[in-house]
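Enquirer: coordinates for the following, if possible.
(chains A and B)
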2 protein chains.
Amino acid sequence: MPHIAYVDGAYLPLAQAAVHIEDRGFQFADGVYEVIAVRSGRLIDEAPHLARLARSLGELRIRPPRGEAALKIVLRETTRRNRIERGSVYVQVTRGTAPRDHAFPASPEPTLVVTARRARPPDPRFVEEGVAVVTAADIRWRRCDIKSVSLLPNVLGKQEAREAGAFEAWQVDAAGRVTEGTSSNAWIVAADGAIVTHPANHAILNGVTRLALIDIIRREGCRLDERAFTIAEVKAAREAFLTSTTADVLPVVRIDGVPVANGHPGLLTQKLRAAYLAHVAAGDA
Amino acid sequence: MPHIAYVDGAYLPLAQAAVHIEDRGFQFADGVYEVIAVRSGRLIDEAPHLARLARSLGELRIRPPRGEAALKIVLRETTRRNRIERGSVYVQVTRGTAPRDHAFPASPEPTLVVTARRARPPDPRFVEEGVAVVTAADIRWRRCDIKSVSLLPNVLGKQEAREAGAFEAWQVDAAGRVTEGTSSNAWIVAADGAIVTHPANHAILNGVTRLALIDIIRREGCRLDERAFTIAEVKAAREAFLTSTTADVLPVVRIDGVPVANGHPGLLTQKLRAAYLAHVAAGDA
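Expert: Down below sits the predicted model:
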């Protein structure tokens, strides 16, 4: 497999792909990113990913480094040069390179980095048996709706999960409510049968898979309740699952070592997962 | 002036100094830093800066890339090669380069970057007339005691200040209390005469200038009160000031457009500033 990265106009061997040490992404986490799934060589849900990228850039007042059409070409070309059939393409934009100073530089030239890599489907056992999550305090900043590279708390939460033998950490706010995972959205099927997930406010990243699943839920006529839920509710839930670009829809069967319901993937979760995979296969994007 | 940077063992022209695009500092803000003042070619308060660097690395479980003696040599050599008489040296350590994955890589090789640059003393008008601050919501994560490069909220706060024509933004928590500036600590001389600054808990970065000033305050027999204070208290204060490695001690004379006391630098602030500059001149570190 070739390893080619795009950095500011050039396609380079990944090993040589670099940014300046005074890039504001490196010194200030002053940048944003997207991860887009590639299936059968096609970018899945590209439009909502690019819309979210534009929104993140807008919130931080970072000038888009390319027009959308040009960016799409770079995404495709990076995918093609790396011969990705199944995997993901990663795009990162930072405010650019400037002598270190917190405030925005006068006329920065934003940095654009694109990489692509292959990925296998999730471990079949994750799908068949479900995954475990642990809970961790949500210590992040108050603008989690911006998909910034300011990911250090997510790194620490994911590491906690890894060390606990869990797939993900569900972050819990000061009021004891689950916001989301460190790199995925969190869902339950509540005792009353409603599908519940945190509303898309400043406390969570509005996942593209989350949005696609909400469309599916509405189309299927299931009851959706966009509200915060507690750990106690997870433990009393009929089902639980998580969504992300790379994990699709995965059943959650344990939280902090306690089984959710009977400890097996729920039927509604499996149905939603199948519907989501059909959406992906149709390349609906 | 030469522009030489140190990156992972090599001294390079600054223009060529780069890190890999999969450096975790660039992709995850997974790194820490220090800024050390240089006066008369000497590093000021180097020991507490290196102690804090070690603490930040320890909290994030990033392996120190060099022993302290070796790091000190790099700091000096970078300062010398850039012929810095007055300025600062910047050191950044990240968890290293690895294929993108939130959790810690198995055996990362940490990245070490050191730069140095000249700086003029603060604008004399800032000292003589004082500076203005604005208030901004403290939207940062809950581990501000770690001097991480996860600085995006600080960037946004500093930019707010800049656009309001202010020197700094004082960040205010949900309870209406001032935590600290975006790159400085916040202080008042309260109506009762006590010198007040936020305690060094997870809500603030325990500034090295802050610590030096606390020593001075104790030595001078002034009353120190390490507690959070409100914006209303600032407005009713006798004096206000800020401290940082690059700003030393600067009088704050306006907050959100309202004069603090009579709108002129306070006498105690000037006395503390003089004592701090004497500490620096003595190279007490």
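Enquirer: do you have the helices of chain A handy? List them.
Expert: A:24-28, A:46-60, A:68-81, A:124-129, A:152-163, A:208-219, A:231-235, A:267-281 (DSSP state H).
Enquirer: wait, which of those helices is closest to A:Asp101?
Expert: helix A:24-28 (9.5 Å; CB to CB). C-beta here means a position set from N, CA and C on the backbone, and glycine is covered the same way.
Enquirer: any stretches of chain A with poor pLDDT?
Expert: Where chain A drops to pLDDT under 70, the residues are A:1, A:284-285.
Enquirer: try 90 this time
Expert: For chain A, applying pLDDT under 90 flags the ranges A:1-2, A:107-108, A:121-122, A:283-285.
Enquirer: where do the strands sit along the stretch 51-200 of chain A?
Expert: With DSSP state E, counting those that start in this stretch as the criterion, the stretch 51-200 of chain A has strands at A:87-94, A:111-118, A:131-137, A:168-172, A:177-181, A:185-189, A:195-197.
Enquirer: helices or strands up against the shortest one?
Expert: Counting contacts by 3 or more CB pairs under 8 Å, 6 or more residues apart in numbering or on different chains; DSSP states H and E, strand A:195-197 packs against strand A:185-189, strand A:224-226.
Enquirer: picking up where we left off before, how about the strands of the stretch 51-200 of chain A in TSV, adding distance to A:Arg227 and mean neighbour count?
Expert: What follows is those, written out as TSV (distance: least, CB to CB, whole Å; neighbours: other CB atoms under 10 Å in any protein chain shown):
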stretch	distance to A:Arg227	mean neighbour count
strand A:87-94	30	23
strand A:111-118	36	22
strand A:131-137	18	21
strand A:168-172	15	24
strand A:177-181	9	23
strand A:185-189	11	26
strand A:195-197	6	24
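Enquirer: which of the helices and strands packed on strand A:195-197 sits closest to chain B?
Expert: Closest to chain B of those is strand A:185-189 (CB to the nearest CB; 14.9 Å).
Enquirer: what's in contact with that closest one?
Expert: A:133, A:170, A:178-180, A:195-198, A:204-205, A:207, A:209-210, A:213, A:229, A:233-234, A:237-244, A:252, A:260, A:266, A:268-269 (CB atoms under 8 Å, 6 or more residues apart in numbering or on different chains).
Enquirer: got the angle between it and strand A:177-181?
Expert: In terms of direction (axes from the mean of the first three to the mean of the last three CA atoms, to 10 degrees), strand A:185-189 departs from strand A:177-181 by 130 degrees.
Enquirer: strand A:185-189 to helix A:267-281, inter-axis angle?
Expert: Using the same axes, to 10 degrees: strand A:185-189 against helix A:267-281 is 140 degrees.
Enquirer: show me what from the stretch 151-285 of chain A comes close to chain B.
Expert: Residues of the stretch 151-285 of chain A found near chain B (CB under 8 Å from any CB of the partner chain) are A:Leu151, A:Leu152, A:Pro153, A:Asn154, A:Val155, A:Leu156, A:Lys158, A:Gln159, A:Ala161, A:Arg162, A:Thr182, A:Ser183.
Enquirer: which residues touch the fifth one?
Expert: Put plainly, it is A:Val155. A:Thr182, B:Arg24, B:Phe28, B:Asp30, B:His102, B:Ala103, B:Phe104.
Enquirer: about what we covered before: can you lay out the residues of the stretch 151-285 of chain A next to chain B as JSON lines showing distance to B:Glu109?
Expert: JSON lines is the format used below for those (distance: CB to CB, whole Å):
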{"residue": "A:Leu151", "distance to B:Glu109": "20"}
{"residue": "A:Leu152", "distance to B:Glu109": "19"}
{"residue": "A:Pro153", "distance to B:Glu109": "23"}
{"residue": "A:Asn154", "distance to B:Glu109": "22"}
{"residue": "A:Val155", "distance to B:Glu109": "17"}
{"residue": "A:Leu156", "distance to B:Glu109": "20"}
{"residue": "A:Lys158", "distance to B:Glu109": "20"}
{"residue": "A:Gln159", "distance to B:Glu109": "18"}
{"residue": "A:Ala161", "distance to B:Glu109": "24"}
{"residue": "A:Arg162", "distance to B:Glu109": "20"}
{"residue": "A:Thr182", "distance to B:Glu109": "24"}
{"residue": "A:Ser183", "distance to B:Glu109": "24"}
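Enquirer: among the helices of chain A, which is the most enclosed?
Expert: Stretch with highest mean neighbour count among those: helix A:24-28 (a mean of 29; mean count of other CB atoms under 10 Å in any protein chain shown).
Enquirer: CA-only coordinates of that one in CSV, if you can.
Expert: Extracted in CSV, the C-alpha atoms of helix A:24-28 (Å, rounded to 0.1, in the frame of the first residue of the first chain):
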residue,chain,number,x,y,z
ARG,A,24,-0.8,27.0,15.0
GLY,A,25,-2.2,23.4,14.9
PHE,A,26,0.9,22.2,16.7
GLN,A,27,1.3,25.1,19.1
PHE,A,28,-2.3,26.1,19.9
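Enquirer: how far is that helix from where the chain is centred?
Expert: 21 Å (CA atoms, centre = their mean, to the nearest Å).
Enquirer: and stretch A:145-159, by the same measure?
Expert: The answer for stretch A:145-159 is 11 Å, by CA atoms, centre = their mean.
Enquirer: rewinding a little: can you list the helices and strands packed on strand A:195-197 in JSON lines and add distance to B:Tyr6?
Expert: What follows is those, written out as JSON lines (distance: least, CB to CB, whole Å):
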{"stretch": "strand A:185-189", "distance to B:Tyr6": "42"}
{"stretch": "strand A:224-226", "distance to B:Tyr6": "50"}
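Enquirer: need the contacts of A:Val155 in CSV with distance to A:Arg80, can you?
Expert: Below are the contacts of A:Val155 laid out as CSV (distance: CB to CB, whole Å):
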residue, distance to A:Arg80
A:Thr182, 31
B:Arg24, 27
B:Phe28, 27
B:Asp30, 30
B:His102, 27
B:Ala103, 30
B:Phe104, 32
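Enquirer: quick one, phi psi at A:Leu151?
Expert: A:Leu151 adopts backbone torsions of phi -110, psi 10, taken as degrees, to the nearest 10.
Enquirer: from memory it sits against B:His102, does it?
Expert: Yes: A:Leu151 lies in contact with B:His102 (CB atoms under 8 Å); the separation is 7.0 Å.
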